[in-house]
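Student: dropping a prediction and its sequence here:
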Amino acid sequence: MEEIHLTGEVESIIYENRENGYTVFSLETNEDTVTCVGIVPQLHQGESLEITGHWSIHALYGKQIQITSFAKSMPTTIAGIEKYLASGLIKGIGKKTAQKIVQKFGEATFYVIEEKPELLTEIKGLTYEKAQRISDIFCEQHELRRAMMFLQEFEVSPAYAMKIYKKYKGRTFDIVKNNPYRLVDDIWGIGFRMADKMAANGGLAADDPNRVKAGLKYLLNAAANNGHCFLPKEELCKQAANLLQLHPDYIENAIRELQVGSEIWQERIHGVDSVYLNLYYYAEMAVTKRLLELAEEYESANMEGVANAIVRMEQRTGVVLAEEQRAAVLEAMSRGLLIITGGPGTGKTTTINTILQLLQEEDCEVVLAAPTGRAAKRMTEATGVEAQTIHRLLETSFLGEDSRRQTFERNEENPIDADVIIIDETSMVDLLLMHALLRAVASGTRMIFVGDVDQLPSVGAGNVLKDMIHSERLPVVRLQHVFRQAQESAIIRNAHRINGGELPLLNEEGTDFFFLRRTFGEDAVHAIQELVASRLPKFTGCDGLQDMQILTPTRKGVLGVQNLNTVLQQTLNPPDGKKQEKEYRQIIFREGDKVMQIKNNYNMAWRMYGAGGKRKDEGVGIFNGDAGILQSIDETREVIQVAFDDGKIVEYDFSQMDELELAYAITIHKSQGSEYPVVIIPVHSGPPMLMTRNLLYTAITRAKQLVVLVGTKEMIAAMVHNDREVTRNTGLAQRLRNLYDFMQEVDAQA
């Protein structure tokens, strides 16, 4: 793509987003007038501009320049100065006043406004107060311009430069020069590597204490993004020495300073010196304490009455519970906290429905929730009782676009109004979300956690469900009996075989579980195309777009998410001349595409409509993993509309499209909490760290009607025999054991 350099004067502003600085404007050069688009904040008519960018084609506006960098300078001609002042830059200066000022002061106009504002009172209608206000606004604009230029010297993009200036204003220069690492904590989207580059450009020493501390926090945050609540100190120091290229003494000093400043916590976990970010340490401590409190706060004295109620329920409904299910119902009705875990076909839904009916007989207020919108929808369908996401239950909101700064309307002071709270798909709940949930549970409220402990762990830090169970200090009922009706499904039988380390039975007659052998990756891609386009729609009657989901272990490679999405878009939703398209970051989005939200956006507005198009609900919050269909692309308004599977309709500004990706194929991790009629899984190649038993188990258990594996039997066998679980550094199980045992000892001595 050829780079273009142009210099000219801003002729007019066509569109401006004052929040993020995105601007469409016309630039008058010596040769022509061109349309330009990009992040150029606080732009005004008459300004001189030097831009770098490349040509692009807009469906409505035609040929235009996409700006990658720019440099501003004040207009120097009389006409330019007048146009600049009349642009609306300064409230109180219109076209007539601008003309009078320029006629009076000529090329010295800017000097007068900035340095001698009292002279403006010579213009009829301008009082001293008004003149001073004009000078203040002008100086602030000048400061912003200087800051933008200053930050570009540090190779900061205009978009981030705007964020930095809005945060720090006049302090921008000192903060960026003296401690750019502060930006990592204060500015959403600026990471350690960007700040480190700014520091290097600004000449900061490599052993600056702020750099070392920022590097350590970066590594701990990176570990949290990989699921770890802490890092062993030895490992942290080794990583830091490698990242910072410094002697270990500098790192030891920085660790001490961070602990003194209450930013990290050091403790021995599992016999190893470990380092936490304070956020995760306090979350583990609080979750431990609250779980044990809830488990102790309620215990029914009428176990016989509960048992009789179960018998009456069985007689009335004709549903006879298995012993494990009966035990789960008894425990749920008589304890303050219970964990119910089991694989597919083991009767979790029947158990929960029985518990719900008994609780309703007791006039209990019951709240159902799950980690994702899809999981909540499934829970609603299975129970007939409305479920919601945990985030919505907690009435979560976020400050701006920074997902690190969340607030919950529901907390200790405003707890959830419920007698019993049932959480499904608990394996997906990470430590911080569990902490927020338990904070909002009032004393006396009973908790029931339901989930499959053999599924993949949460995306966020922690391994909460597994730690709760492995602590052996909380009430747990394991549902292990697979019911006869469930055994008729090869999906369920094979899921349990795989989970037990046995190879699945492939291509049995009359089955819902198939295998297509394809030795080469490209052949596997072609097989998947045929399956979604023709073979499976004919065989099952399912729609290739709506009902089938490709779940792949990897993002890259011929059978990774990126390539499969490109191929399947062409297969299932090819261009036809009628559908609008929008290219964003080298991805073509087309009306009719299957898309997925890839980050939590707690402030994104949505609406739901009922019969006749009447609005029935509205709210905010779209979450990582929510999927739907791209309904329309509006080039005039620069928005796209997506209809999500749970009925939410959302409009995205073009600048928000980095939150979406094509979803014909998604990673198995992204499928957690979801179910699809038909699941197609490439099992061809991948690193042993990734191609594990529980990854395959998770993928297979996402299917309701049919599973098709495409690849090699050798890879299936390798995954089944690879029971390696990526160990997560968590302390929750140990804390539960320690605190429970301590409480028991105190009670014994009392």
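Tutor: Yep, that arrived.

Student: got phi/psi on the residue nearest to Ala436 when sequence neighbours are not counted?
Tutor: Once flanking residues are discounted, Ala436 sits nearest to Phe408: 5.3 Å by CB to CB, 6 or more residues apart in numbering. C-beta here means a position set from N, CA and C on the backbone, and glycine is covered the same way. Dihedral angles of Phe408 (phi, psi; degrees, to the nearest 10) stand at phi -120, psi 120.

Student: just Arg517 next, same as before
Tutor: The phi/psi pair for Arg517 (degrees, to the nearest 10) reads phi -80, psi 120.

Student: just give me the neighbour total for Gly619.
Tutor: Counted with other CB atoms under 10 Å, residues neighbouring Gly619 total 13.

Student: the one 5 residues further on too?
Tutor: The number of residues packed around Asn624, counting by other CB under 10 Å, is 16.

Student: would it count as being in a helix?
Tutor: No - using DSSP: H, G, I helix; E, B strand; the rest coil, the assignment for Asn624 is coil, not a helix.

Student: what does it show for phi and psi?
Tutor: Backbone torsions of Asn624, given as degrees, to the nearest 10, read phi -50, psi 120.

Student: pLDDT score assigned to the closest residue to it other than its chain neighbours?
Tutor: Nearest residue to Asn624, sequence neighbours excluded (CB to CB, 6+ apart): Asn600, at 5.2 Å. Asn600 is assigned 74 on the pLDDT scale.

Student: which residue is nearest the centroid of the protein?
Tutor: Lys599 (2.7 Å; CA atoms, centre = their mean).

Student: quick one: it and Asp658, what's the gap?
Tutor: With distances taken as CB to CB, to the nearest Å, Lys599 is found 8 Å from Asp658.

Student: same thing with Ile310?
Tutor: Taking CB to CB as the measure, Ile310 falls 52 Å from Asp658.

Student: before we move on, what about Ile668?
Tutor: Separation of Ile668 from Asp658 (CB to CB): 23 Å.

Student: check Gly521 too.
Tutor: Taking CB to CB as the measure, Gly521 falls 28 Å from Asp658.

Student: more neighbours, the two?
Tutor: Applying other CB under 10 Å to Gly521 and Asp658 shows that Gly521 carries more neighbours, namely 17 against 12.

Student: quick check, that one in contact with Val710.
Tutor: No - if you go by CB atoms under 8 Å, Gly521 and Val710 don't touch, sitting 10.3 Å apart.

Student: anything in contact with each of those two?
Tutor: By the contact definition CB atoms under 8 Å, 6 or more residues apart in numbering, Gly521 and Val710 are jointly contacted by His684.

Student: surely Leu126 meets Leu120?
Tutor: Yes - between Leu126 and Leu120 there is a contact at 5.0 Å, judged by CB under 8 Å.

Student: between those two, which contacts overlap?
Tutor: Ile134.

Student: and these two? Which one has more around it.
Tutor: Leu120 (24 against 20).

Student: got the contact list for the closest residue to the more buried one other than its chain neighbours?
Tutor: Nearest residue to Leu120, sequence neighbours excluded (CB to CB, 6+ apart): Ala131, at 3.8 Å. Contacts here follow CB under 8 Å, 6+ apart; on that basis Ala131 touches Pro117, Glu118, Leu119, Leu120, Thr121.

Student: now do 6 Å
Tutor: Applying CB atoms under 6 Å, 6 or more residues apart in numbering, we find Ala131 in contact with Pro117, Leu120, Thr121.

Student: that older thread, and the residue nearest to the centre of the chain, that's in a strand?
Tutor: No - assigned with three-state DSSP, Lys599 falls outside any strand and is coil.

Student: wait, it touches Glu659, no?
Tutor: Yes - with contact taken as CB atoms under 6 Å, Lys599 and Glu659 are classed as touching, separated by 5.4 Å.

Student: could you find the closest non-adjacent residue to the residue lying farthest from the centre of the chain?
Tutor: The centre of the chain is farthest from one residue, Glu122, which by CA atoms, centre = their mean lies 57.3 Å away. Sequence neighbours aside, Lys104 is the residue nearest to Glu122 in space, at 6.6 Å (criterion: CB to CB, 6+ apart).

Student: can you pull the pLDDT of that neighbour?
Tutor: What the model reports for Lys104 is a pLDDT of 89.

Student: contacts for the helix or strand harbouring it, please.
Tutor: Per DSSP states H and E, Lys104 falls inside helix 95-105. Residues outside helix 95-105 that contact it (CB under 6 Å, 6+ apart) are Ile81, Glu82, Leu85, Ala86, Thr109, Val112, Ile123.

Student: dump those into CSV; add distance to Arg256 as well.
Tutor: Formatted as CSV, the contacts of helix 95-105 follow (distance: CB to CB, whole Å):
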residue, distance to Arg256
Ile81, 57
Glu82, 61
Leu85, 56
Ala86, 59
Thr109, 56
Val112, 55
Ile123, 62
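
Student: neighbour-wise, which of those leads?
Tutor: For the contacts of helix 95-105, the largest number of neighbours (other CB under 10 Å) sits with Leu85, at 27 neighbours.

Student: how many neighbours does the residue nearest to it when sequence neighbours are not counted have?
Tutor: Of all residues not flanking Leu85 in the chain, Ala98 sits nearest, at 3.8 Å (CB to CB, 6+ apart). Number of residues near Ala98 (other CB under 10 Å) recorded here: 21.

Student: and Lys163, by the same measure?
Tutor: Neighbours of Lys163 (other CB under 10 Å): 23.

Student: Three-state assignment for it, please.
Tutor: For Lys163, the assignment made with three-state DSSP gives helix.

Student: how about the one 3 residues further on?
Tutor: Here Lys166 is helix, with the state taken from three-state DSSP.

Student: can we start the residue count at 50 from this point?
Tutor: In the new count, where the first residue is 50, that last one comes out as Lys215.

Student: for it, what are its contacts?
Tutor: Lys215 sits next to no residue when contact means CB under 6 Å, 6+ apart.

Student: again with Ala332
Tutor: Residues in contact with Ala332 (CB under 6 Å, 6+ apart) are Leu480, Leu481, His484.

Student: now the first one: how far from His277?
Tutor: Put plainly, it is Leu480. Taking CB to CB, one finds Leu480 at 10 Å from His277.

Student: between the two, which one's more packed in?
Tutor: The neighbour count for Leu480 versus His277, taken as other CB under 10 Å, is higher for Leu480 (27 against 23).

Student: please name the nearest non-neighbouring residue to that one.
Tutor: Using CB to CB, 6+ apart and skipping the chain neighbours, the partner closest in space to Leu480 is Gly511 (3.2 Å).

Student: could you do Phe562 as well?
Tutor: Among residues not flanking Phe562 along the chain, Ala539 sits closest, at 3.8 Å (CB to CB, 6+ apart).

Student: longest helix in the chain, by number of residues?
Tutor: Counting by DSSP state H, the longest helix found in the chain is helix 177-202.

Student: so how far is that helix off the chain centroid?
Tutor: 37 Å (CA atoms, centre = their mean, to the nearest Å).

Student: could I get the CA-only coordinates of stretch 648-660 as PDB?
Tutor: In PDB, the C-alpha atoms belonging to stretch 648-660 read as follows (Å, rounded to 0.1, in the frame of the first residue of the first chain):
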ATOM      1  CA  LYS A 648     -14.300  -8.500  24.500                       C
ATOM      2  CA  ASN A 649     -16.600  -7.500  27.400                       C
ATOM      3  CA  ASN A 650     -18.300  -4.200  26.700                       C
ATOM      4  CA  TYR A 651     -20.400  -3.300  29.700                       C
ATOM      5  CA  ASN A 652     -21.600   0.000  28.400                       C
ATOM      6  CA  MET A 653     -22.800  -1.200  24.900                       C
ATOM      7  CA  ALA A 654     -26.500  -0.400  24.600                       C
ATOM      8  CA  TRP A 655     -28.900  -3.100  23.300                       C
ATOM      9  CA  ARG A 656     -32.600  -3.500  22.700                       C
ATOM     10  CA  MET A 657     -35.000  -6.400  22.400                       C
ATOM     11  CA  TYR A 658     -38.200  -6.400  20.400                       C
ATOM     12  CA  GLY A 659     -41.300  -8.500  20.700                       C
ATOM     13  CA  ALA A 660     -44.200  -9.300  18.300                       C
END
